[in-house]
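Trainee: Starting from these lines, generate the structure:
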Amino acid sequence: MQRLEGRPAIITGAASGIGEATAKRLAGEGALVAVADINRPGAETVAHAIEQAGGRAISLFMDLNDEESIRAMIAATVDHFGGLRILHNNAADMRQWHLDEDMAVEHMDVAVWDSIFHANIRGTMLATKYALPALLASEDAAIINTSSGASLTGDLYRPAYGASKAAINNFTMYVATQYGKRGVRSNAISPGIVITAAASAANGEERYAALMRHVLSPRIGRPDDLAGVVAMLASDDGRYVNGQIISVDGGIRAHFAHVADVADEFWNDMEERHG
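Mentor: Numbering: from 1, shown residues only. Prediction:
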């Protein structure tokens, strides 16, 4: 299906994980893809794989903490592809030491808090700011921000990360409100548990097993699950979706917290009653 034929797109944080899967999915649907990442060799590998599969892609360096690199990323994409219609703000500060230091609030190092916010929300704002002139010129464009399930609920871990993603949710709605009438849709995807290299480094097998008890789907999420939703939102199939935060989480937030603890008892009771 070529829903995105000829549409220039930027995916940030596209050297791995959700960004890589999205870059390949959009290219597979005909988009002209700028693969942007702080890991330039990784971005080059992904862009090469897209071209080997028959798609069109370029690789670009982008650092969320470097405003000039963000501006240059937008300019290079517009210059190379002649415009911009899709911006997937997927990159986030996932450095392991930052995640390890993102702890209980009473022990929070304010430098860690500021650094996470600086990268995640300021970086998303800057990419949007510099992309908007080209997106508005297309008169039919889509911004898709990667949020997190951590933005919608409280947790014991990583309050700075969760709060920065909650800021992205609100920013998403502001952009939709300001620019929706001018042809730019703005939505966010909120992933649940997704198996990526970064997530695997942050969560051991025991934690995955504990979390899986609360997922209503029969498996943990994969990057391709998120990529499919991004492709829909970027395409005409998503043309009437605007200002939304869409959970792609296997149903982990769709039930009371006690469900995993009583599920076996419930189904055993149903079996006894109804055979």
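Trainee: residue ranges with poor pLDDT in the protein?
Mentor: 1, 197-205, 275 (pLDDT under 70).
Trainee: Could I get the full set of strands for it?
Mentor: With DSSP state E as the criterion, the chain has strands at 8-12, 32-37, 56-61, 86-89, 141-146, 184-191, 245-248.
Trainee: export those to JSON lines and tack on distance to residue 25 and mean neighbour count?
Mentor: Every C-beta, even on glycine, is put in place using the N, C-alpha and C of the backbone. As requested, these are exported to JSON lines (distance: least, C-beta to C-beta, whole Å; neighbours: other C-beta atoms under 10 Å):
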{"stretch": "strand 8-12", "distance to residue 25": "10", "mean neighbour count": "30"}
{"stretch": "strand 32-37", "distance to residue 25": "10", "mean neighbour count": "30"}
{"stretch": "strand 56-61", "distance to residue 25": "12", "mean neighbour count": "20"}
{"stretch": "strand 86-89", "distance to residue 25": "10", "mean neighbour count": "29"}
{"stretch": "strand 141-146", "distance to residue 25": "12", "mean neighbour count": "26"}
{"stretch": "strand 184-191", "distance to residue 25": "13", "mean neighbour count": "25"}
{"stretch": "strand 245-248", "distance to residue 25": "13", "mean neighbour count": "19"}
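Trainee: Distance to residue 133 added to those, as TSV?
Mentor: As requested, the strands of the chain are exported to TSV (distance: least, C-beta to C-beta, whole Å):
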stretch	distance to residue 133
strand 8-12	14
strand 32-37	16
strand 56-61	18
strand 86-89	12
strand 141-146	11
strand 184-191	11
strand 245-248	25
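Trainee: And those: which comes nearest residue 159?
Mentor: Evaluated with C-beta to C-beta, the strands of the chain place strand 184-191 nearest to residue 159, the distance being 16.8 Å.
Trainee: For the closest one, C-alpha coordinates in PDB please.
Mentor: Extracted in PDB, the C-alpha atoms of strand 184-191 (Å, rounded to 0.1, in the frame of the first residue of the first chain):
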ATOM      1  CA  VAL A 184      -1.000  20.700   9.900                       C
ATOM      2  CA  ARG A 185      -2.300  17.900  12.100                       C
ATOM      3  CA  SER A 186      -0.500  17.200  15.400                       C
ATOM      4  CA  ASN A 187      -0.900  14.000  17.300                       C
ATOM      5  CA  ALA A 188       1.200  11.800  19.700                       C
ATOM      6  CA  ILE A 189       1.600   8.100  20.200                       C
ATOM      7  CA  SER A 190       2.000   6.800  23.700                       C
ATOM      8  CA  PRO A 191       3.800   3.500  23.700                       C
END
